[in-house]
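Trainee: Sequence and predicted structure below; questions after.
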There are 2 protein chains.
Amino acid sequence: MGDVQKGLLKETEEDLIEKFGNDPLAVKVRVQLSEPTLTENASDWSRLNMELRRVLQAGTKPIQIPLTVLQTLPEALRQAKWDVSVTLTTSESGYSVINVVKGNDIPPYGLAIDIGTTTVVVYLVNLITGEIVDKQGTYNKQAKYGDDVISRIVYAVESPENLREIHQAVIDTVNDLTDKIISRQNLNLNDLMVAMTAGNTTMTQLLLGVDPRYVRLEPYIPTMNDVPSVPARQIGLHMLPEGLVHSFPSVASYVGGDIVSGTLVTDMANGEDIVLFIDIGTNGEIVLGNQDWLVSCACSAGPCFEGGGIAFGMRAMPGAVERVTIDPESLDVNLKVIGKIPPVGICGSGLVDCLAKLREAGIIDRAGNFQLEHSSQSARLRATTDDKEFVLAWAHQAGGEKDIVITENDVKNLIRAKGAIYAGIRSLLTMVAVDIDMISRIVIAGGFGNYLNVHDSVQIGLLPDLPEDKFLFIGNSSVKGARLALLSQNAWKEAAELSRKMTYVELSVGTTFMDEFVSALFLPHTDLSLFPSVEG
Amino acid sequence: MGDVQKGLLKETEEDLIEKFGNDPLAVKVRVQLSEPTLTENASDWSRLNMELRRVLQAGTKPIQIPLTVLQTLPEALRQAKWDVSVTLTTSESGYSVINVVKGNDIPPYGLAIDIGTTTVVVYLVNLITGEIVDKQGTYNKQAKYGDDVISRIVYAVESPENLREIHQAVIDTVNDLTDKIISRQNLNLNDLMVAMTAGNTTMTQLLLGVDPRYVRLEPYIPTMNDVPSVPARQIGLHMLPEGLVHSFPSVASYVGGDIVSGTLVTDMANGEDIVLFIDIGTNGEIVLGNQDWLVSCACSAGPCFEGGGIAFGMRAMPGAVERVTIDPESLDVNLKVIGKIPPVGICGSGLVDCLAKLREAGIIDRAGNFQLEHSSQSARLRATTDDKEFVLAWAHQAGGEKDIVITENDVKNLIRAKGAIYAGIRSLLTMVAVDIDMISRIVIAGGFGNYLNVHDSVQIGLLPDLPEDKFLFIGNSSVKGARLALLSQNAWKEAAELSRKMTYVELSVGTTFMDEFVSALFLPHTDLSLFPSVEG
């Protein structure tokens, strides 16, 4: 019941690429030049340029070449006996040659990169077929400077060295992922022609080494929303040095490129239906609207659903508990673990399940307090020196030295997180005077894992109580949008338009959000009339 | 008689700027932003961008900002209390912000740079008034690697280290000049917003660190004719790091950007009159044509007229003998020295005079051989161990330890140089079947000094025997064109068109040039009918 499978948007994604047009941000062409003669006004570059114009049917679009590529051009042409593979960045304003090598048939690849506060994910994309050839994710190495963007900013602005350090941490994170992928795929760094990153405003500024201090200070003015594209060499990303690193534009300090990327994937700005898009990452961001209007907001949900601030929280990877059932009588536990190996921790979807099932079994009350009177039912429910906890897997089952537990503190954190998200949804609806029933579709994104149990999400009051067929879980929409933009000039152009079109609502202005938040700190809510399908 | 003053084109130059339109390659605007508020979708950059659009009336042209400027933007805006001076590069395709500082009234400056094989000249140009605020010239530090482009290429291609070294030598040369100028003018490097360089193809490639080996190897294909503009930081020029360094496009390996720049200044491509443009530098290049056609060639003249390969040769600077008269009876000498100080050496115009006057006094014969039988007339004419020489200034007059002399070897070098140039002119006329009388104007450029004695130039057979009012000496046309292009988008656009329009004739193909050269190795020529005004 109620599982919306990640990947359901698969067809939609491919449809979207087709709709926008498969016209990637970098192209590779094979060119055979004639041997040069004592020709008037000819240079290596003018001869290549002329042939490229013909092959690309470039029309009036200029074809440029940066100095670094020119410096290697004469030898590249002659060593290849004038038979070369040329890679070019493409844009509305023209082409730029970023690589000239001996003629070969290796396809051009791009990197779609989601730079999350907690997790970074890289897709290797074949720019011709659009195929996701490989993918790899890991924790953001910046985590050691703080769990959330605020603590990262506090660290970064302390000194220029700190800024450099925290900038380098995310570059290293991406590079480690890229290195793994190209080694697995037996590729060369120079085969990676372009990168598209999507991250929140702070992550994007840190990726580019831009001081993020004003993101945090009222009136929350980021340095830029539109982000200049830079050659990879300028920030040290592992790929073709002249290959461009594009970054999704932000809307505001707390609605970033990851949300614009996700909004692109939902295609919500191209239809009459009102869509609610919720991205639950380290923060929770919400977008509401259709082709005529778009509003967005951010609610400080914290990193719980990515496993942050939870005793045994972890991201969705092998060893993560992704589904939980608890027998209401025996309190026996049934776990589904990613990779079918002994459990190591719990990822977002498992935590949603936990919360719902703990409540269902009466182990916690509506405020999240552990009911130790049930501890006679099972040894799993127990008090510790400073907390209460429920054992999901015994140490011997987990193959480790510790029992895997969820604590009362974890539960309280989860309730605050789900409460913030639900309060954000309610606030946004109130502000634009849209009734929940007017929403045609709710698209949920985030690093929960492979599944999101919508039924349980409604049970705990994370998602509004609507028919299940209105929900769509699309997993990591940030990296999906990055792939889409890599593959389509038009999609990339629409991203820029989306970021300008979207209105940002600052929830900290006024009391609406705080009132909603306090009301949402129960399971599912203080106002049960909002959750008619949930039994009291 | 016959002196065509440098600077006669002065009015023409200002007229040209007016004609092309004073629309410089960089602009500086003062902008006052409002204090930011909790505004939708605003960022530092979007707020600045919006205000710049208004002030610049940018229309649909994009305004970009590179990452390096973005990185300093938040502090720049806030420290200036939102009152800033913004410098932007401008081009047909749009604007790019290269500097944002506290509001001030310092005008934007540009550097017009002639990169000669022997001599490098920098003009500091006020981009608003067009005024040449200061200028400074010096020897190209690359001279230690060889006198001409061929020996420089030979050195450069030996190893990547050599290329780096010879690249750095010219960068250091320009930087020394710039440093002197800004210290004199009490300016800051960051006030220098843009640079325009004009040099021959090899000089341009070396300036940018592009391996020049194929310039020298048949079929003489340079790496590029159109040159990418690069931020100053990329090649280490002393100016605003993000300020662009533009380079004049070349026509071919041996007709470079300096000639395109000079051709721009002659305005010969915009009228019906056929003009012959001769630039005598370390090499001699010739352009012939009008609005309908342009042909060009290069003749290996060597650096004599810039003082190279001459015992006491020097460039036109204080201490250089610029005019010489010799009494045919007493062989007494009268010198005019730049700066009215004791002579140190002889510059181009002085050498032309020397050759003419030595011949007039019978000290040399038509082949340049010293006639020592005249040595009884004056102690100035004398033999040394391995040469013969004529003393222009005695050591005590020169304030040095050595007499300043011109040797038979110098004379032979000068005859080869003038012969090569005259042969080039004749070859080009022959190839396009233009009679010398069809030429309306002969424009001469080069580092001769402040004057060029046209009468003497014809006497020695350097210039064709035409009425003196057809000649115009314009000095260093390369740096003049660079200034023009700095000040006018349209002029800069025309430079690109000129380089494509101009046909290059390779003189080494066929025997025409060699035949002409051999015939020209006399004073004035073996065929005296070509020089009716010169007495036999």
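Mentor: Ah, there it is.

Trainee: which residue sits closest to the residue in the stretch 101-250 of chain A positioned nearest to chain B, ignoring its sequence neighbours?
Mentor: In the stretch 101-250 of chain A, the residue that lies nearest chain B is A:Met224 (4.0 Å; CB to the nearest CB). Bear in mind the C-beta positions are built from the backbone N, C-alpha and C, glycine included. Sequence neighbours aside, B:Trp45 is the residue nearest to A:Met224 in space, at 4.0 Å (criterion: CB to CB, 6 or more residues apart in numbering or on different chains).

Trainee: OK, contacts around the one you found?
Mentor: Residues counted as contacts of B:Trp45 (CB atoms under 8 Å, 6 or more residues apart in numbering or on different chains) are A:223-226, B:65, B:70, B:73.

Trainee: Can you lay out those residues as TSV showing distance to A:Thr178?
Mentor: Putting the contacts of B:Trp45 into TSV (distance: CB to CB, whole Å) gives the following:
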residue	distance to A:Thr178
A:Thr223	26
A:Met224	25
A:Asn225	26
A:Asp226	25
B:Ile65	27
B:Leu70	24
B:Leu73	29
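
Trainee: Go through the residues you listed and flag which are in helices.
Mentor: When helices are assigned by DSSP state H, the members of those inside them are B:70, B:73.

Trainee: Show me the shaky parts of chain A.
Mentor: Within chain A, the segments meeting pLDDT under 70 span A:1-11, A:39-40, A:536.

Trainee: Kindly state the domain boundaries assigned to chain A.
Mentor: Domains of chain A are assigned by automatic domain parsing as A:25-102, A:109-247, A:260-303+A:414-530, A:307-413.

Trainee: buried set for stretch A:482-502?
Mentor: By neighbour count, and taking 16 or more other CB atoms under 10 Å in any protein chain shown as the criterion, the buried residues in stretch A:482-502 are A:482-492, A:494-496, A:498-499, A:501-502.

Trainee: Pull up the residues of the stretch 201-350 of chain A that are close to chain B.
Mentor: The stretch 201-350 of chain A comes close to chain B at residues A:208-211, A:213-214, A:218-226, A:228, A:230, A:234, A:250-252, as judged by CB under 8 Å from any CB of the partner chain.

Trainee: Buried among those? Make that a ChimeraX selection.
Mentor: Written as a ChimeraX command, the selection of buried residues from these, which uses 16+ other CB under 10 Å, is:
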select /A:208,209,210,211,213,214,220,221,222,223,224,225,226,228,230,234,250,251,252
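
Trainee: for the nearest residue to A:Pro303 once chain neighbours are set aside, helix, strand, or coil?
Mentor: The shortest distance from A:Pro303 to any residue that is not its chain neighbour, by CB to CB, 6+ apart, is 4.2 Å, and that residue is A:Thr282. On the three-state scheme (DSSP: H, G, I helix; E, B strand; the rest coil), A:Thr282 is labelled coil.

Trainee: what does the one 4 residues further on give?
Mentor: Taking three-state DSSP as the rule, one finds A:Ile286 in the strand state.

Trainee: got a list of what it touches?
Mentor: By CB under 8 Å, 6+ apart, the contact list for A:Ile286 reads A:276-279, A:296-299, A:421, A:424-425, A:428.

Trainee: ranges for the helices of the stretch 101-250 of chain A?
Mentor: Secondary structure of the stretch 101-250 of chain A (DSSP state H, counting those that start in this stretch): helices located at A:149-156, A:160-185, A:201-207, A:213-216, A:232-235.

Trainee: interface residues of the stretch 51-200 of chain A facing chain B?
Mentor: Contact residues, the stretch 51-200 of chain A versus chain B (CB under 8 Å from any CB): A:62, A:64-67, A:70-71, A:73-75, A:93.

Trainee: if we can go back for a sec, ok, of the contacts of A:Ile286, which come out buried?
Mentor: A:276-279, A:296-299, A:421, A:424-425, A:428.

Trainee: Put together JSON lines for those residues, with secondary structure on each row.
Mentor: As requested, the buried ones among the contacts of A:Ile286 are arranged in JSON lines below (three-state DSSP):
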{"residue": "A:Leu276", "secondary structure": "strand"}
{"residue": "A:Phe277", "secondary structure": "strand"}
{"residue": "A:Ile278", "secondary structure": "strand"}
{"residue": "A:Asp279", "secondary structure": "strand"}
{"residue": "A:Ser296", "secondary structure": "strand"}
{"residue": "A:Cys297", "secondary structure": "strand"}
{"residue": "A:Ala298", "secondary structure": "strand"}
{"residue": "A:Cys299", "secondary structure": "strand"}
{"residue": "A:Ile421", "secondary structure": "helix"}
{"residue": "A:Gly424", "secondary structure": "helix"}
{"residue": "A:Ile425", "secondary structure": "helix"}
{"residue": "A:Leu428", "secondary structure": "helix"}
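
Trainee: Between those, which sits nearest B:Ser478?
Mentor: Of all the buried ones among the contacts of A:Ile286, the one with the least separation from B:Ser478 (CB to CB) is A:Ser296, at 56.2 Å.

Trainee: pretty sure that closest one contacts A:Lys501?
Mentor: No. With contacts counted by CB atoms under 8 Å, A:Ser296 stays clear of A:Lys501, the gap being 10.3 Å.

Trainee: Pull the contacting residues for A:Val69.
Mentor: Contacts for A:Val69 (CB under 8 Å, 6+ apart) come out as A:97-100, A:242.

Trainee: Surely A:Gln262 forms part of a helix?
Mentor: Actually, residue A:262 is Gly rather than Gln. Yes. With three-state DSSP as the criterion, A:Gly262 is located in a helix.

Trainee: which one is it nearest to, not counting chain neighbours?
Mentor: A:Ser477 (3.4 Å).

Trainee: how deep is the one you found tucked in, by neighbour count?
Mentor: Here the number of neighbours of A:Ser477 (other CB atoms under 10 Å in any protein chain shown) works out to 29.

Trainee: next one: A:Thr384
Mentor: Neighbour count for A:Thr384, taken as other CB under 10 Å: 10.

Trainee: residues in contact with the closest residue to it other than its chain neighbours?
Mentor: When the adjacent residues along the chain are set aside, A:Thr384 lies closest to A:Thr407, with 7.9 Å between them (CB to CB, 6+ apart). Residues in contact with A:Thr407 (CB under 8 Å, 6+ apart) are A:311, A:384, A:387-390.

Trainee: if you set the cut-off to 7 Å instead, what comes out?
Mentor: The contact partners of A:Thr407, by CB atoms under 7 Å, 6 or more residues apart in numbering or on different chains, come to A:311, A:387-389.

Trainee: related to what we said a few turns ago, for the contacts of B:Trp45, which one is nearest A:Ala433?
Mentor: Comparing the contacts of B:Trp45 against A:Ala433 with CB to CB places A:Asn225 closest, at 26.6 Å.

Trainee: What distance do you get for that closest one to A:Ala496?
Mentor: With the distance defined as CB to CB, to the nearest Å, A:Asn225 ends up 10 Å from A:Ala496.
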